[in-house]
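Colleague: Sequence and predicted structure are below.
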Amino acid sequence: MIKFGPAGNSDSFYEEGYKTTLDVPRWLYGRSLNAYEYQCTRGVRINRTFSQALAVQASRYHIALSIHAPYYINLASPDPAIQESSKQHLIKSLSAAKWMGATRVVFHPGAAAKLGRTDALQNALTLLEKIISDLDEELLEDCFLCPETMGKANQLGTVAEVLELCKLHPKIIPAVDFGHIHALGGGCLKDESHFIKVLEKIAHALGEETVKNLHVHFAPVEYTAAGEKKHCTLKEKEFGPDFYPFAKVIAEKGLTPTIICESAGTQAEDAAAFLSMYNSLKQNSLKS
């Protein structure tokens, strides 16, 4: 089943008087959303008790959970201390995911500016392979690691680089951030064919099943010549990519991705707008 939801909590969640993320599943359910990406971007600061309580609420309201791991992960670094720190951030994220029943842990692969892309990717491949081999198998039993496509030229994480990381192990699948791809490509996602081209690359590398159940980030992004500048909202219509052509592709192809909206402050509202757009297209395709 296709899923839509936000990354973290919209401003409106707090404006309505809510204070704890344990209320998020019920709040999202009331907006017909069914996914939520818990943000551990500044560190994994949640314990087993909280995580298990969130799991109960998510199950009650049929919300699929994922986790965004800390930004501090840098698999490309040659520094042994950073390598070990990155490993521990992933292990802590996977442990939290297991407690809360999250099935995907999204992470940024690392930096590429100082080393050059070839060396950065090789470092990341070597370290990620070692991390996977050292992991307690139970941590990956019900969860996937998801390296994210990145939006800045100095970051490791082009589509091709992410696919190379995913080839290391069946439990590694891409987190495809179309806003980042659009920004890094200077506004490259303009119509259905551009989205299809990305999906075809993934299918060629990892198979059609991965494409069918893709983990997607989507939001309008402002960018410069260096790539992503900041995430925006659907109200800022001058920024892309447009969700409509992607919605057409997934509706026509019968894909069932998890679509996490990362709009700035209106992520739940914009996720609901994405859902409405998709439902309208799906209904029209059934009539024709």
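Modeller: Arrived safely, thanks for sending. Residues are numbered from 1 along each chain as shown.
Colleague: Residues touching whichever strand or helix holds Ala97, excluding its own?
Modeller: Taking DSSP states H and E as the definition, one finds Ala97 inside helix 80-100. For helix 80-100, contacts defined as Cβ atoms under 8 Å, 6 or more residues apart in numbering pick out 38, 40, 43-44, 46, 48, 51-52, 54-55, 58, 65-67, 69-70, 72-75, 77, 102-105, 107, 110, 127, 130-131, 134-135, 138-143, 145. The way it works is simple: take the backbone N, C-alpha and C, and place the C-beta from them, glycine included.
Colleague: Looking at the residues you listed, which are in strands?
Modeller: With DSSP state E as the criterion, strands contain Tyr38, Leu65, Ser66, Ile67, Arg104, Val105, Phe107, Gly110, Leu145 from among the contacts of helix 80-100.
Colleague: Reformat the residues you listed as JSON lines; add pLDDT and distance to Glu222.
Modeller: Converted to JSON lines, these look like this (pLDDT from 0 to 100; distance: Cβ to Cβ, whole Å):
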{"residue": "Tyr38", "pLDDT": "99", "distance to Glu222": "25"}
{"residue": "Leu65", "pLDDT": "99", "distance to Glu222": "29"}
{"residue": "Ser66", "pLDDT": "99", "distance to Glu222": "25"}
{"residue": "Ile67", "pLDDT": "99", "distance to Glu222": "26"}
{"residue": "Arg104", "pLDDT": "99", "distance to Glu222": "27"}
{"residue": "Val105", "pLDDT": "99", "distance to Glu222": "27"}
{"residue": "Phe107", "pLDDT": "99", "distance to Glu222": "23"}
{"residue": "Gly110", "pLDDT": "96", "distance to Glu222": "23"}
{"residue": "Leu145", "pLDDT": "99", "distance to Glu222": "29"}
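Colleague: how about the nearest residue to Asn213 once chain neighbours are set aside, what does it touch?
Modeller: In space, Asn213 comes closest to Thr256 once its chain neighbours are excluded; the distance is 6.0 Å by Cβ to Cβ, 6 or more residues apart in numbering. Residues near Thr256 by Cβ under 8 Å, 6+ apart: Met1, Ile2, Lys3, Lys212, Asn213.
Colleague: Kindly write the PyMOL command that selects the buried subset of those residues.
Modeller: Selecting only the buried entries of the contacts of Thr256 in PyMOL, with 16 or more other Cβ atoms under 10 Å as the criterion:
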select buried, resi 2+3
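Colleague: Identify the farthest-apart pair in the contacts of Thr256.
Modeller: For the contacts of Thr256, the farthest-apart pair by Cβ to Cβ is Lys3 and Lys212; their separation is 12.8 Å.
Colleague: which residues are common contacts for the two?
Modeller: Thr256, Pro257.
Colleague: quick check: mean pLDDT across stretch 180-200?
Modeller: Model confidence over stretch 180-200, given as mean pLDDT, is 98.
Colleague: tell me which residues in it are buried?
Modeller: Buried, per 16+ other Cβ under 10 Å, within stretch 180-200: His180, Ile181, His182, Ala183, Leu184, Gly185, Leu189, His194, Phe195, Ile196, Val198, Leu199.
Colleague: My read is that the third one contacts Gly240, right?
Modeller: Spelled out, it's His182. Yes: with contacts counted by Cβ atoms under 8 Å, His182 reaches Gly240, the gap being 5.7 Å.
Colleague: Touching both of these two, which residues are there?
Modeller: Jointly contacting His182 and Gly240 under the rule Cβ under 8 Å, 6+ apart are Leu189, Val221.
Colleague: angle of the helix or strand where Asp119 lies against helix 80-100?
Modeller: Asp119 belongs to helix 117-134 when assigned by DSSP H and E. Interaxial angle, helix 117-134 versus helix 80-100 (axes from the mean of the first three to the mean of the last three Cα atoms, to 10 degrees): 50 degrees.
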